[in-house]
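S.K.: Give the three-dimensional model of this entry:
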Amino acid sequence: MINDSDRLFRILSSERFLSMQGLANEVPIFIHAYDVADEDRVLAMIKSLASRIRNTGTQVAEMDLFGLLLAELRDEGILDEFINDEATFDRKSLLGDLKNYAAATRLVPRLVRVMEDAKAKLTLLSGVGHIFPFLRAHTLLDSIQPAMMQHPVVLFFPGEYIQVAGQGSQLRLFGSMPGEGYYRAFNLDHYRL
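M.R.: Numbers count the residues shown, from 1 in each chain. Below you'll find the model as predicted:
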């Protein structure tokens, strides 16, 4: 993990990466897939990376998607109700409510505000596994494309980002969930300085 952290720091703090050179007019979305067993180490690594990159003078927005959902529920005044009455909720109804509040149409504007407030030149997103099944990663990525493309966005993904013959790129949550097609993101493991 230490080597991975150093490699990611070199990439994410490089002028070439931050200025989005070499993308051939593609969207600057990058996926860094990892084994879900490394979740705690990866979350600590993200915090460390964000701090190291900020120390170079680059503004970084670091966002946990589950935290974003909790902020949405808190601002709507229903987080405490969900917590207090959780045992009495019908599971289907609760799942439907959470999907509604985790919808990209709600969370993407909030995410954009966080990036704007931070004056971000780089955004690091985590928490994909924590927000599943309320919001799928490919839905979020499709939704942020038109909303912002002023700087690189890195999604830390607990699973695999692979090429499947005849189907293109796929995100496989936890390495076992059926893949969802996603074609516009770059695999950060393949990025070379």
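S.K.: show me what contacts the closest residue to residue 14 other than its chain neighbours?
M.R.: Spatially, and ignoring its direct neighbours in sequence, residue 14 is nearest to residue 193 (5.6 Å; CB to CB, 6 or more residues apart in numbering). The way it works is simple: take the backbone N, C-alpha and C, and place the C-beta from them, glycine included. Contacts here follow CB atoms under 8 Å, 6 or more residues apart in numbering; on that basis residue 193 touches 10, 11, 14, 16, 17.
S.K.: Now, the residues you listed that are in helices?
M.R.: Among these, the members falling in helices (DSSP state H) are 10, 11, 16, 17.
S.K.: can you tell me which residues contact the first one?
M.R.: The one in question is residue 10. Residues in contact with residue 10 (CB under 8 Å, 6+ apart) are residue 193.
S.K.: Please report the distance of it from residue 112.
M.R.: Noted for residue 10: a distance of 28 Å to residue 112, by CB to CB, to the nearest Å.
S.K.: residue contacts, residue 159?
M.R.: Each residue near residue 159 by CB under 8 Å, 6+ apart is listed here: 33, 36, 129, 171, 172, 173, 174, 175, 176, 177.
S.K.: Just the pLDDT at the second one, thanks.
M.R.: By that I understand residue 36. Residue 36 is assigned 92 on the pLDDT scale.
S.K.: swap in the fourth one?
M.R.: pLDDT, the model's per-residue confidence, is 77 for residue 171.
S.K.: One more: the third one?
M.R.: Reported pLDDT at residue 129 in the predicted model: 89.
S.K.: same check, this time on the first one
M.R.: Predicted confidence (pLDDT) for residue 33: 92.
S.K.: show me what contacts it?
M.R.: For residue 33, the contact set (CB under 8 Å, 6+ apart) comprises 157, 158, 159, 160, 161, 187, 189.
S.K.: In this structure, where's the longest strand?
M.R.: Using DSSP state E to define each element, the chain has its longest strand at strand 153-164.
S.K.: Direction included, what does the helix or strand that that one is followed by pair against?
M.R.: Using DSSP states H and E, the helix or strand that follows strand 153-164 in sequence is strand 168-173. Here strand 168-173 is paired, per DSSP bridges, with strand 153-164 (antiparallel), strand 180-181 (antiparallel).
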